[in-house]
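Peer 1: kindly generate the corresponding structure for this input.
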Amino acid sequence: MESSYTDVMVDIETTGVAPDDSAIIQIAAVRFNLEERTVDSTDMFNRCLSIPPKRFWDEGTRHWWSKQKASVFQEITSRAEDPATVVQALADWAGYKGLTFWAKPSHFDFMFVESYFKQFNIPSPFHFRNTIDQNSFIRGLGRSSNLPKVQVEMAGDAHNAIFDVLNQIGTVFAAMDQVHPYVPEAA
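Peer 2: Predicted coordinates for the structure are as follows:
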């Protein structure tokens, strides 16, 4: 049976901002259906990674993490797994079905994720032509270069990638509803 979830929102937590040098310490991904405003709540990807060789901490980012809620960082580090195992699991989870990769911002998350697929010689299930930046999408809905104000209450802790992903999907749905309210088809 063909899945109705053709989009995937991805969020990562990192040790810096350089995709080829800094490490991903958490990656979350959730499939969703933009038209129906639904989320695949039965199969979410949420894994934490240890720091692989040749990747390091940016001291500014380490300092930034020291100012965040300590329990969020502690949970991430306590769940750290072998990064190659996690990246392979992400590829298996996503499959090679042409999912549209969404992120906030896509140019940050996509480049990090792709650098890990390359580092571990794992074919990427995502294609750079099939990515959407959340902020650009919302700006486009408003037909303006200004980012329209879309407020969605945060559920869970900020900077925990799974909660960030769900919040980002909620923000996209809320922005869509401002322009194109969803009306379910009659059964």
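
Peer 1: how about the helix or strand of the chain with the lowest mean pLDDT: buried residues?
Peer 2: Least confident helix or strand of the chain, by mean pLDDT, DSSP states H and E, is helix 134-141 with a mean of 89. When neighbours are counted by 16 or more other C-beta atoms under 10 Å, the buried residues of helix 134-141 are found to be 134, 137-139, 141. The C-beta positions use only the backbone N, C-alpha and C, and glycine is treated the same way.

Peer 1: C-terminal to that helix, what's the next element?
Peer 2: Toward the C-terminal end, the helix or strand that comes next after helix 134-141 (DSSP states H and E) is helix 161-179.

Peer 1: residues making contact with that next one?
Peer 2: When contacts are defined by C-beta atoms under 8 Å, 6 or more residues apart in numbering, helix 161-179 is touched by residues 9-13, 26-30, 32, 34, 37, 39, 44, 46, 102-104, 134, 137-138, 141-142, 148, 150-152, 154-158, 182.

Peer 1: average pLDDT for it?
Peer 2: Mean per-residue pLDDT for helix 161-179: 93.

Peer 1: all the strands of this protein, residue numbers only.
Peer 2: Counting by DSSP state E, the chain has strands at residues 7-14, 24-33, 38-39, 45-49, 80-81, 100-103, 131-133.

Peer 1: distance between the last one and the chain's centre?
Peer 2: If I follow you right, that is strand 131-133. How far strand 131-133 lies from its chain's middle: 11 Å, per C-alpha atoms, centre = their mean, to the nearest Å.

Peer 1: number the residues from 57 up from this point.
Peer 2: Sure thing, new numbering starts at 57, so read that last one as strand 187-189.

Peer 1: which strands and helices lie in contact with it?
Peer 2: For strand 187-189, the packing partners by 3 or more C-beta pairs under 8 Å, 6 or more residues apart in numbering; DSSP states H and E come out as strand 156-159, helix 162-175.

Peer 1: give me the below-cutoff pLDDT ranges for the chain.
Peer 2: Residues of the chain meeting the criterion pLDDT under 70: 57-58, 199, 201-204, 242-243.

Peer 1: list the helices and strands the least confident helix or strand of the chain packs on?
Peer 2: Judged by 3+ C-beta pairs under 8 Å, 6+ apart, helix 190-197 is in contact with strand 156-159, helix 217-235.

Peer 1: fine by me, thanks again.
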